[in-house]
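Student: Here you go, sequence then predicted model.
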Amino acid sequence: MHTRRIGDVEVISIGLGGMPMSIEGRPDEARSIATIHAAIDAGVTLIDTADAYHRDADEVGHNETLIAKALATHDRGGDVLVATKGGHLRPGDGSWTLDGSPRHLKEACEASLSRLGVEAIGLYQFHRPDPRVPYEESVGAVRDLLDEGKILQAGISNANPDQIRLGNEVLGGRLVSVQNQFSPAFRSSEPELRLCDELGIAFLPWSPLGGISRAGELGSAHAPFARIAEKYGVSPQQVCLAWMLAKSPVVVPIPGASRPETIRDSLAAADLVLAEDELAELDAA
């Protein structure tokens, strides 16, 4: 299976998004752990999470705890790069709030370290800009965590081109990842993807298949993906991920999954090579 780089870490070209295993409609713990184990068995070496991936107010960090348990019970769990995030919160009523203050980010990182059971987090990302806090102050807190050895690599999420440039400047050229929404239905992050390609920064599309509720409808919503999938005898979801991978060597999609068969299907996209005319058709879809 093909590999790509996130900073100085080599990972398989498709990761696992852990969010569906911890929010509304989540499966039981046994199935979630089986899904994570199936991903590792199939070659996954990157798992994405966040302290805000939880359902109820009293279970902050549910997904981090779940992933830590799954990794501890797999013989190759130590080979997985865990990317987590701070600065976005869920009060427990289904809404999302923000706190990009340096104090909160540093406290959030300490809590994530404890839940993940590690001395340093492999990749820590500022989750979402907080309009109440100057961006350079939020990223500055992440820089401090990097300098202190609390995190090994630093990234940002939901950032625009100016924020990517500023974030990289604040981090002294050490920005290794940008995690933005990108899918067939949401292509407004194309400028960020191009900038990451130019700078050699990993671009991690979140909800690459359209999100939890829409991933299964990708083929019906976007006919070219279904047509090309039928030609190759694969799923439209595989075609979607292969299309993203072809855009740039910095792209590492992180499709969410809550069933072993789902992540296995997604990973097969790494070996699907689409023709230039097919890629052009998907770009135009």
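Tutor: On my side now, so go ahead.

Student: could you pull out the helices for the stretch 1-150 of the chain?
Tutor: Assigned by DSSP state H, counting those that start in this stretch, the stretch 1-150 of the chain shows helices spanning 29-41, 62-72, 102-116, 135-147.

Student: Pull out the buried positions in the second one.
Tutor: Think helix 62-72. For helix 62-72, a neighbour-count test (16 or more other C-beta atoms under 10 Å) marks 62-71 as buried. Yep, even glycine has a C-beta here, placed from its N, CA and C like the rest.

Student: T45 and I12 touch, don't they?
Tutor: Yes: taking contacts as C-beta atoms under 8 Å, T45 lies within contact range of I12: 4.9 Å.

Student: What does G256 show for phi and psi?
Tutor: When quoted as degrees, to the nearest 10, the phi and psi of G256 stand at phi -80, psi 160.

Student: Could you report the neighbour count for the closest residue to it other than its chain neighbours?
Tutor: Nearest residue to G256 in three dimensions, chain neighbours excluded: G17, at 3.8 Å (C-beta to C-beta, 6 or more residues apart in numbering). G17 has 30 neighbouring residues, counting by other C-beta atoms under 10 Å.

Student: And for the one 3 residues further on?
Tutor: By other C-beta under 10 Å, the residues close to P20 number 23.

Student: Enumerate every residue touching it.
Tutor: 26, 212, 256-258 (C-beta atoms under 8 Å, 6 or more residues apart in numbering).

Student: got the angle between the strand or helix carrying L166 and helix 135-147?
Tutor: L166 belongs to helix 161-170 when elements are defined using DSSP states H and E. Counting by axes from the mean of the first three to the mean of the last three C-alpha atoms, to 10 degrees, helix 161-170 lies at 40 degrees to helix 135-147.

Student: Report the beta-bridge partners for the residue nearest to G256.
Tutor: Here G17 sits in beta bridges with D48, G256, going by DSSP bridges.

Student: Compute the distance between the residue lying farthest from the centre of the chain and R259, please.
Tutor: Most distant residue from the mean C-alpha position of the chain: K231, 29.1 Å away (C-alpha atoms, centre = their mean). With the distance defined as C-beta to C-beta, to the nearest Å, K231 ends up 26 Å from R259.
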